[in-house]
Structure formats: structure tokens, C-alpha cells
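Peer 1: coords please:
(2 chains)
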Amino acid sequence: MTSETLVPFEDVLAAYDPALGLEVHVELNTATKMFCGCPAVFGGEPNTQVCPTCLGLPGAMPVVNGKAVESAIRIGLALNCDIAEWCRFARKNYFYPDMPKNFQTSQYDEPIAFNGYMDVTLPDEGGDGETFRVEIERAHMEEDTGKSTHVGGSTGRIHGADYSLVDYNRAGIPLIEIVTRPILGAGEKAPAVARAYVSQLRDLIVALGVSEARMDQGNLRADVNLSLSPKGSGTLGTRTETKNVNSFRSVERAVRFEMQRHAAILDSGRAIFQETRHWHEDTGITTAGRPKSDADDYRYFPEPDLVPVAPSREWVEELRGTLPENPVLRRARLQESWGYTDLEMRDVVAAGVMGEIEQTVAAGASPQAARKWWLSELSRRANDAGVEITDLGVTPAQVAAVQALVDAGTVNDKLARQVFDGLLAGEGTPEEIVEKRGLAVVSDEGALSAAVDKAIAENPDVADKIRDGKVAAAGALIGAVMKEMRGQADAGRVRELVLEKLT
Amino acid sequence: MSDTTRRTAADLAEALATGETTSVALTQAHLDRIAAVDGSAESGVHAFLHVDTEGALAAAVASDERRAAGAPLHALDGVPIAVKDVLTTTGLPTTCGSKILEGWIPPYDATVVARLKAAGLPILGKTNMDEFAMGSSTEHSAYGPTRNPWDLERIPGGSGGGSAAAVAAFEAPLALGTDTGGSIRQPGAVTGTVGVKPTYGGVSRYGLVAMANSLDQVGPVTRTVLDAALLHELIGGHDPRDSTSIDQPLPGLVAAARQGAAGDLTGLRVGVIRELQGEGYQAGVLARFQESLELLTKAGAEVVEVSCPSFVHALATYYLVMPCEASSNLAKFDAMRYGLRVLPEGVDSPSAEEVMRATRDAGFGDEVKRRIILGTYALSSGYYDAYYGTAQRVRTLISRDFEAAFGQVDVLVSPTAPTTAFKLGEKLDDPLAMYLNDLATIPANLAGVPGISLPSGLADEDGLPAGFQVLAPAMADDRLYRVGAALEAALEERWGGPLLDKAPALEGGSK
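Peer 2: Numbers count the residues shown, from 1 in each chain, chains lettered A, B, ... in the order given. Sure thing, here's the model as predicted:
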């Protein structure tokens, strides 16, 4: 692996136009595999979720998973695609040990969904929230291969390995491959467009509920095609295909890297070699994979063991009715209704709590209060516990109930945190926790007044400063009162009392 | 030979029902017959690749117990059967006649095998076949040829020569075969037995090791039309594991066979296919065919000639579609997971690719390699449309010819095979001559329609059996049985008994 010469990004743009193409594989979350009844869950002991069909044993036959077809159609519709009235599976023939039949059952020239688009919103450093239309060529169904582990050797790849292990649990898991048309005209925004497309596609998949869509677990895998052509030429250059780029950030980095690398090669008068590239997360570079030419001959032909898939128009329309709101429109609608700034909204989206906040607001909390709890207190606790925030065990209804106690003056923010402790410890409803833990704010004016008098008596210097007009010094007295009251006082009321008594 | 093995399956079922015999007794009788006449790769009939004495007898014991308890599973419960070695059987080797699968024991039963077991039929063993069902003589078996019981120097047809010879040699009353281009019907014709290729989708293919998925079909191999109907009804019907299986009830086949045996075909229109007679057909085969037509007329049928002009392209079409599908189907035999594994000579720590190459080179026979190469070539980029694409279009034309013909007549007929059994080795080096054996049987596979072959008599010039083929529209398999049973009854009346009574006694077996 040698370090590549790279051309500065600005210089790439001065001389070349990039053309992008993205192929995203989405692993569906169906209960069973694409063509058999084996469980399609992640993480089983190797080769325990297999049967004659997904092992490709002689004589075994495939049967199409209807739920996978349904998911494929819903993805297609959400990407504004046409849905085929009649389409078939095909065999893609090539030899590889992790493919039990030595052909992959896929779709070729008759995809289930085709001719769509997605409007991608670019991050708005300038604040304009520009959208860019990415055209979708097709979304088709196929089966995953087994998973090879190459043992020995330095690279973890098959060449140089001492031996290889194959786990066929993954063989036959349903995949939807979503292929864009060449994305032209993105210019300097090409890396950002690539990232935003994959990120938004993931949001869409999550909203559809058809996949876990976790890039770190390989539920969603992106291949990045990139080529450069001389600026303004209107041609398409030779492309490279960087495989399995598995985070949004890496998608952006891979595009940027390949643009800079291609430019260096082209600038030196050499030609781009059409090949796949491996992405290295740690170093942020790509290295050569295998040569790939358009003449790769997979000898596709229609799978004779399966009958055509012909979804009725009634079914397609019924499925159209199940589509979630477009994530982009939904985000804009919620931001507007909540009155969040762009920055606030971006943090909410990044934390993945938009839905939680929506439900918390629906349960009666103000949007700002809901955002505060989810983004600060609960995010921190989820981080500490090492779990997803949605798995923390606190519901939006509970958050709204805690906030209602704050709004009523029953607890203050500090005490509210102790209510969350109680919730996480399973001590009952927020009201019960306040009761059991004795957290309610003391609203007895007599006790409060006595405590203020005591604090003034014990801190005569501070009291004098306030009498002299240095109101800012009140903080020290308020702190002393709160300490005396063991936190169970309304700090605002304490401040009022202090000032009343000293000014 | 004991009388038991000469009896039909229907007769044996009756004998079991009345308590005249037991499943153990008749299973043992067939095992004895196999031991006496089947021999080995070098001599004897060699219909079987594996005989499961223990399993068959255990199943027979269980059957007798059910029978004694008054709870038989099926009319054929206890009647033994042989199964072509291309159908998967739990715990029994399944080699498909190939070295590449030597020693492979499937972990699952083909649906048809599961149905046999669920009905209580003891499985005698697995029958010999051309490697991966590729051939018309069973000479392409990697385990040595099967010999025709009528003349042990002649071929029993193929690819299902083992099943046909087993039934013709009275080693089994029933057998399962598979038919991709004639592999049930042509062996039936040259061994004087009955073979049926059901409607495509009428019988599950789950567990049938595919040669050409869009053509393959499992079917019965028997000595009488009624026995074929009994077996066909048992194995047929929808299977959710086979997406191409038809989800409709089968027409009554046994009822049709019984109706036909009464001999009245009044009102039935029979079409003789003009393109499947004449040049290339042996005179004795054609003479027997004409006689059968006369008998059909005598039974009240109206016999007319119909033309199916696209049938002349059937053979060429078949030899594109079949190798294309086969080349892909056979890719899975790569030494990685099961079956033969050969390490290349003189290579230290060979790669997976090198092991695959060495194994496939050693494990496949010439005919299999020939078809893999043909199919790989025809599917290649730049040739696909010209070969596979054109073949699919011609296939549609052949289907249309059938539709047009069935608009005029109820069934179509032809000789099953152009000749009687040829000598072992005679056509082994001439693939094209071998392929011509299937001229008359292939159109049915390409169109998915059902067909039956039944014996029409012995050709005058060589005294060997000839076959009569009846074809019907898809899902009208009952017509095969009605016409077949009527013709069978008329012919046996003329012969004074079953044609197989005229077969010579086999060495080792007493007659």
C-alpha cells in the first residue's frame, strides 16, 4: 500500500467535473430469508440458520418471500419509482465459495422498481438548505451471499490467507439494491451530495421500517462510483467503484479522496484503470481491488425455478397508502411547528430523537423543554449506559410528566434529574417518585422566609453588598438557602425573598 | 421367478388388502429378484446403483403392522418401489450417476419421496441413470451402463434406463423417473414398459436434482397404465416448496384409466403428428404404430392427421435451452461443501479455484462437460439473444402449435422413439445420433404438456419393443390414461397377455 499523490480539492474542481454513482444495498428485516424459511436474524452461531435451499444443496428450490417483495415495493414507491407490473428473477453466474449455488438469484433487466428520484437536502453552511435531485435508476431484489472470513495473512483478504471460513447464515438474506443514475453537476458539492443521499436514504428506510439500516452492522452498505471528466466536456470518464463504505462520513471522505486521486492520475497523463477499490476507514484512503470491466460476463438468464412477480395495481396502491411521511418534509414541518433554529434541529436529528420529541410534545411538554431533556439529560445517560437513547427505558410520556411537575413548580430542574434516577430505577410514576423520595419543592413561605433570614444572618458581608446595590451577589445567599432547604425550594422565589428583605 | 414379482402394483395392493400376502413377503421377493438378475456394472441388468435391503424391509414391517391394525396409509401402502438416483433420499446415497456426488447422502427427501414414504411404500433402492440425466442410453452413467432386459447387449434407453429396466426385469413393480426431453418415455418404449411425463408443474420438482428446471418433470414408470395412474395420483399435486407447481387439483387419473380399460373411445379425436413420423423412423416401429392407430379407430376414436410445423425445430431448441440451464445448475458442484474433492497434482496449498477446477475436471463425464460448455457459450454476452433468446421464441411457437392442434383434436399421438433399442456402444461416439432418439418426446417438454408411452408391440425386424406416445393438453393428464388404457387393453387382447411375457428369461432368474 503506497501513499497516493493527491491533487488539492480546489484544483480538482478547476479542471474536472465529477460524476457520482451510488449503489446501496439494504438488508431487509424480514423474519425469514429471501427464498426459504430460515430465520433472517443477525448474530446466530455460524451455519445454524441454514437449510437445503439457502445452502444450495442439489435438488432444493427457492420460493419468493412475499414480505420481501412488499418491502421492495414500498422502498420503490418511497423513492418515487414506477413499480413493474411483471418482473422476474435472474441468475447471476460466477464462482465464489461463499455463494452456495455459484450463482446469485437477483434481478437483472426486469427490476421490481425503476425510474425514481430522491430530493436530497444539503447541509446548510450558508444557511440556504439547498436541495439536489438524485435520480434513481432502479431498486431490485436479490439474495445476500455467505460471509467469508479469511484467516492468516496480513490483509484479511483471500489472497495470502492460510484458510478461509464461510458462514452461510447470511446466505439468502433479502437485499434491496438501490442504484442511482450518474449524478452530474454536483461539482464541489459531490462529496456532500453523496453523504446526504446515503444519510437521507437511511432515514427513509428507517421510517419505512423495512430494515434495521445499521451501517456498522452492514444492514446498509454503500458502494461509491466515481469518475472525472475534463471540465465542461460533457463526457463520462472511466470510473472506479469503492466498495462497502460503511458510514456517512466515510462516504463523503471516499468521494473526496477518489476525486483527488483520479485528478492526480489524469493530471500526470495516465489513464484511470476501471476497478473496484477497498476503503480504509482508519487512514481514509482507498486501495486497488479487482479489475472490473463492463465486459464482466455473468451470463444472466431468467431463474427457471421461480415464477414471475406480478404485483397487482390494487396491492401497489394499498402499499402506497402505508408510506410514512417523506422524511425531508416531516423534518421541515416539525422544525417549523417547534420553532427550533437550524442548529437546534440538526442536533435533534443527529441524536436521532426527532420522533421522541414529537411524542413528548404531543404528551403536553413544550418543544423547548422536550428538546432540553432528550438532548442533554437523557442523551448523557444513554451515552453513560452505552445504549441507544430509545433503549434507555424512559418514555416520551414520562418525560412530559416530569416536565409537567416542573411547570407546576412541584420540582425544579435539579430535582427533576432525581426523578429520572427514580424512573430508571423503576420506582414508579414521576408523581410517585416525588412522593417517595420527598422531592417536592417547599412552598411554605414561613420556612422559606426563616431560611432566608438565617442565611442573611450568617453572611453579613454578602448582605451588605446587596444592600449597596450589588444585586449579583445574591447568588451566594440563594445558594446557602437552597443548601439549607436540601434543594427543595424554588430558586426564583428564594431570590425574590432575598431581594425583598435587603433592598 | 416367483409369481409375486410378475404381478402389477394394483394387483399387489389388492393382495395386501385381502391379506393374501404381506409387504414383507413381496418386498423380499423383489429384493431376491434384484439379487438374482441385477448383477453389476460388468454383467446383468444393473438397474440399481444402491439397494436398500434393510430400509425396504423395515418399511415393509411397518406397513404390515399398520395393515394388521387396520390403518393402511394408502392403497399402495406396502407395495415396493424403486427411485431414480436423481431424487434426494434422506440417508440413502444420491449420485445422479455422477462421480462428483459419490458418497453424498442428502439430509432431506424430495417431495415425491416424502409422499411415497407418507403412503408407506418401501423404497427398494436407487436406479441407474445417465450422469445428471444427460443421455438416451444410460451409458453415460459414471457407474457403468444398465442393460436392456430384452437383450443384455442393448441399451435400456435413457436417461432413466435404470428405472425402466428395473420394472421390465420384474425387480420392482413401480419406479419413479424424471423426464426432461424423454427420459421416462423413451426408456419405456425400448423396454416395453409404461412411462408418463406429467404436465409441467403437476408433480413437485423439490428434491429433483435439476438438469433443466423449465423442462424437468417427475413421473411414474410401471408395467401397466393403471399402475402409472395410481402412482401419478400419489406423487402429484401442489407443493408449496416448488414455485412452479400448479395449485389446482389433478383430474381423476385412476378413474380415467379404469374408464379407458372398458375400451370405448367413441367421440374421441386423435391427431397423428405429421412431423413425427416417416424419415428416420424404423419400419417396424412405424408398423406397430399404424396397428395401434387401427385399434384406436376400432375402439371408436376418430383418427386424423395434424401438422405441428415448428416441431422440426424442437431438437435444436432443446439443445439450447437445456444446456443453458444445466450449465448454471451444475455450477454448485465445486468441492467446497459436499461431494467429490480432488486436489490438483503438483500444487502446494492450492487455491479454492484450483480445487474447483481439478474436481470438476475429474468429477464430470464428457457428456456433462459438453453440455456445460454449450450452455456457457450460449449464455455468454453477445450470444445470449441469438441462442437463448431465439430458443425461447421458438419454444413459444411450439406451444402455439400444440394449442392449435388441441383445438382440433383431444390427444396427439406419435411413435415414442424412432427406433428400438440399439446396441451398447453403438452411438456412444456420435452425440448427434444419440440426441435424435428424443426427437418425438422433446416437444412435450418444451411446451409443458403431458405425455405417456406404452408398448405397441415388437418390431418385426429385431423382435424388440416399440413405444406409442399419447400427448394431451396441460392439466388434461387424464386423457393419457383413458386413451392409454383403452389401447393397452386392445393390444393385450391381441397379444394374449402383457408384452413383457414375450421377453426372454434372464440368467439367474427363473421364469
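Peer 1: contacts, neighbours, all on C-alpha from now
Peer 2: Noted.
Peer 1: kindly report the residues of the stretch 301-450 of chain A close to chain B.
Peer 2: By CA under 8 Å from any CA of the partner chain, the part of the stretch 301-450 of chain A that sits against chain B consists of A:Phe301, A:Pro304, A:Asp305, A:Leu306, A:Val307.
Peer 1: again with the stretch 1-150 of chain A
Peer 2: For the stretch 1-150 of chain A, the contact set with chain B under CA under 8 Å from any CA comprises A:52, A:56, A:58-63, A:93, A:95, A:97, A:100-103.
Peer 1: could you rerun that using 10 Å?
Peer 2: Selection of the stretch 1-150 of chain A residues close to chain B by CA under 10 Å from any CA of the partner chain yields A:35-36, A:51-53, A:55-64, A:91-103.
Peer 1: residue boundaries of the strands in the chain?
Peer 2: Reading this off chain A. Using DSSP state E, the strands found in chain A span residues A:16-27, A:82-83, A:90-93, A:103-106, A:113-121, A:131-143, A:147-151, A:163-167, A:174-180, A:220-230, A:240-245, A:275-280, A:285-291, A:301-302.
Peer 1: look at chain B instead
Peer 2: For chain B, the strands defined by DSSP E cover B:48-51, B:81-84, B:123-127, B:174-178, B:194-197, B:218-222, B:269-273, B:302-306, B:411-415, B:451-458, B:465-471.
Peer 1: and the longest one, what does it pack against?
Peer 2: Looking back up the chat, that one is strand B:451-458. Packed against strand B:451-458, as judged by 3 or more CA pairs under 10 Å, 6 or more residues apart in numbering or on different chains; DSSP states H and E, are the following elements: helix B:185-191, strand B:194-197, strand B:218-222, helix B:225-235, helix B:283-298, strand B:411-415, strand B:465-471, helix B:477-495.
Peer 1: buried set for the fifth one?
Peer 2: It refers to helix B:283-298. Of all the residues in helix B:283-298, those buried under the rule 16 or more other CA atoms under 10 Å in any protein chain shown are B:283-290, B:292-293, B:295-297.
Peer 1: dump the strands of chain B into CSV; add mean pLDDT and distance to A:Ile75 as well.
Peer 2: Supplementary listing: those in CSV, determined by pLDDT from 0 to 100; distance: least, CA to CA, whole Å:
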stretch, mean pLDDT, distance to A:Ile75
strand B:48-51, 98, 51
strand B:81-84, 98, 45
strand B:123-127, 98, 48
strand B:174-178, 98, 42
strand B:194-197, 98, 43
strand B:218-222, 98, 39
strand B:269-273, 98, 52
strand B:302-306, 98, 52
strand B:411-415, 98, 49
strand B:451-458, 98, 45
strand B:465-471, 98, 46
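Peer 1: and those: which comes nearest B:Leu31?
Peer 2: With distances scored as CA to CA, the stretch of the strands of chain B nearest to B:Leu31 is strand B:123-127 (7.2 Å).
Peer 1: ok so, going back, let's have the strands of chain B in a markdown table, adding mean neighbour count.
Peer 2: Compiled in a markdown table, these are given as follows (neighbours: other CA atoms under 10 Å in any protein chain shown):
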| stretch | mean neighbour count |
| --- | --- |
| strand B:48-51 | 22 |
| strand B:81-84 | 30 |
| strand B:123-127 | 29 |
| strand B:174-178 | 31 |
| strand B:194-197 | 34 |
| strand B:218-222 | 33 |
| strand B:269-273 | 22 |
| strand B:302-306 | 17 |
| strand B:411-415 | 26 |
| strand B:451-458 | 30 |
| strand B:465-471 | 30 |
